[in-house]
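In: Here is the input, now give the coordinates:
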Amino acid sequence: MTVRSTIDLTGQVAIVTGGTRGLGRQMAEVLARAGARVVVCGRNTPDDLPPGVSFRAADIRDADQAKELVDAVAAEHGRIDILVNNAGGSPHAAAATASPRFFDAIIRLNLHSAMFMAQAAFAHMRAAGAGSIVNIASVSAIRPSPMTAAYGAAKAGLLSLTQSLAQEWGPDGVRVNAIIVGLMHTETAEETYGDEDAQAAVALSLPLQRMGTGFDVANAVLWLSSDLASWVSGARINVDGGGERPYFLDLVKG
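Out: Numbers count the residues shown, from 1 in each chain. Next comes the predicted model:
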C-alpha cells in the first residue's frame, strides 16, 4: 500500500509501545514519515527500525519502568506529544482451564501497561497543555472472544478507560481515543486464520472484501494524532473494513 499524507507532525515526539514489529512498527513508520520523532519500546532490541524511529528497552507492564521510559524520552527530546498504546496480544487459551497467572499476565499486558504509560505521559502533556493518546483496542472488546476471553476482557476495559480518561484529562488539553481494530493480515495471519484459502474466505466475508493492514490502522492513528482531530476525544473508531458479517444471515432462508 502506498502511503501519502499531507499531515505534518514535524517537531512532535511520539512513543509507540509494541512498535518494534507488526502493526506497531507500521504505526511508528507512518508517524515518522509525517515528521515526528518516534520512540518505540519493547523488552528486546530489534534488528532494525524504519528511518526516524529509535528504540528504548522497557517492560511497560511495570509501572516504574513505564514512567522511567516516558521521562527519559521527554528528557531527551524535550516533550511528549503523542502516545500510542499498541502493546498487546494473547495466545489462545480455554477459559475453563486458564491459570490465574495467565489471566493476570494478559490483563497486565493489554490493560495495565496502557494505564501506566498514559499516566506517565499525561504529566508531560498536561504541563504542555496538549497531547494525544491513542489506545489500540480490538473487535474482541465488542463481541465474544472465545479462546481469548482474558484478551477480550482487557480490551473492553481499555475502551472504558479511554472514555474515562478523555473526560478527566480533556480540561488539560489531552485527547484520548481508541481504535477498534478488525481482522488483520499480519505476519501471523496463518496461525490466526489458517492457510491462504482460509484467509481469502475470511477477507471476502468482510464488506470491503479484504483484511486490514498495519497501514490502515497507522493512518487512523496519524489522523487522531493530528490537529485535524483536535475536537475528537473519547471516540471509539472502528477500523475493520465494515465489520464482520453476522452469522445468522447465513442461516436465514428466503
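
In: dump the residue contacts of residue 90.
Out: 106, 109, 110, 148, 150, 151 (C-beta atoms under 8 Å, 6 or more residues apart in numbering). All C-beta atoms are positioned from the backbone trio N, CA, C, and that covers glycine.

In: For the closest residue to residue 82 other than its chain neighbours, report the pLDDT, please.
Out: Distances taken as C-beta to C-beta, 6 or more residues apart in numbering put residue 14 closest to residue 82, at 3.7 Å, once the chain neighbours are dropped. pLDDT recorded at residue 14 is 98.

In: was I right about residue 14 contacting residue 36?
Out: Yes: here residue 14 lies in contact with residue 36, judged by C-beta atoms under 8 Å, at a distance of 4.6 Å.

In: Now do the shared contacts for those two.
Out: 81, 82, 225.

In: Residue 95: what secondary structure?
Out: Secondary structure state of residue 95, per DSSP: H, G, I helix; E, B strand; the rest coil, is coil.

In: tally of neighbours for the spatially closest residue to it that is not a sequence neighbour?
Out: Leaving aside its chain neighbours, residue 95 sits nearest to residue 149 (4.3 Å; criterion: C-beta to C-beta, 6+ apart). Per other C-beta atoms under 10 Å, the neighbour tally for residue 149 reads 19.

In: and what of residue 242?
Out: 11.

In: same deal with the one 5 residues further on?
Out: By the other C-beta under 10 Å criterion, the neighbourhood of residue 247 contains 8 residues.

In: go on, the one 3 residues further on?
Out: Neighbourhood size, residue 250 [other C-beta under 10 Å]: 8.

In: Helices along the stretch 151-254 of the chain, start to end?
Out: Remark: helices assigned in the stretch 151-254 of the chain by DSSP state H, counting those that start in this stretch are 189-193, 196-204, 214-225.

In: Show the contacting residues for the residue nearest to residue 82.
Out: Applying C-beta under 8 Å, 6+ apart, the residues near residue 14 are 28, 31, 36, 37, 38, 39, 81, 82, 83, 84, 225.

In: Now it. Its backbone dihedrals?
Out: phi -130, psi 150 (degrees, to the nearest 10).

In: about what we covered before: farthest-apart pair in the contacts of residue 90, please.
Out: 109 and 148 (12.4 Å; C-beta to C-beta).

In: and the gap between residue 113 and residue 119?
Out: Using C-beta to C-beta, to the nearest Å, residue 113 is found at 11 Å from residue 119.

In: quick one, which of these two is more surrounded?
Out: Each of residue 113 and residue 119 has its neighbours counted (other C-beta under 10 Å); residue 113 has more, 26 against 14.

In: three-state assignment of the more buried one?
Out: helix.

In: Residue 8: which of the contacts of residue 14 is nearest?
Out: Distances from residue 8 to the contacts of residue 14, taken by C-beta to C-beta, are shortest for residue 36, at 9.5 Å.

In: pLDDT score for the closest residue to that closest one other than its chain neighbours?
Out: Excluding the flanking residues, the one nearest residue 36 by C-beta to C-beta, 6+ apart is residue 9, at 4.0 Å. Note for residue 9: predicted pLDDT of 98.

In: Could you pull up the residues touching residue 9?
Out: Residue 9 touches 31, 34, 35, 36, 81, 82, 222, 225, 226, counting by C-beta under 8 Å, 6+ apart.

In: so which of those residues is the most crowded?
Out: residue 31 (31 neighbours).

In: Could you look up the SS state of the residue nearest in space to the middle of the chain?
Out: In the chain, the residue lying closest to the centroid (C-alpha atoms, centre = their mean) is residue 136, at 2.5 Å. Here residue 136 is strand, with the state taken from three-state DSSP.

In: Would you confirm that it contacts residue 177?
Out: No: between residue 136 and residue 177 there is no contact under C-beta under 8 Å: 10.3 Å.

In: Tell me where the stretch 51-200 of the chain has strands.
Out: Under the criterion DSSP state E, counting those that start in this stretch, strands of the stretch 51-200 of the chain are mapped to 53-57, 82-85, 131-138, 174-181.
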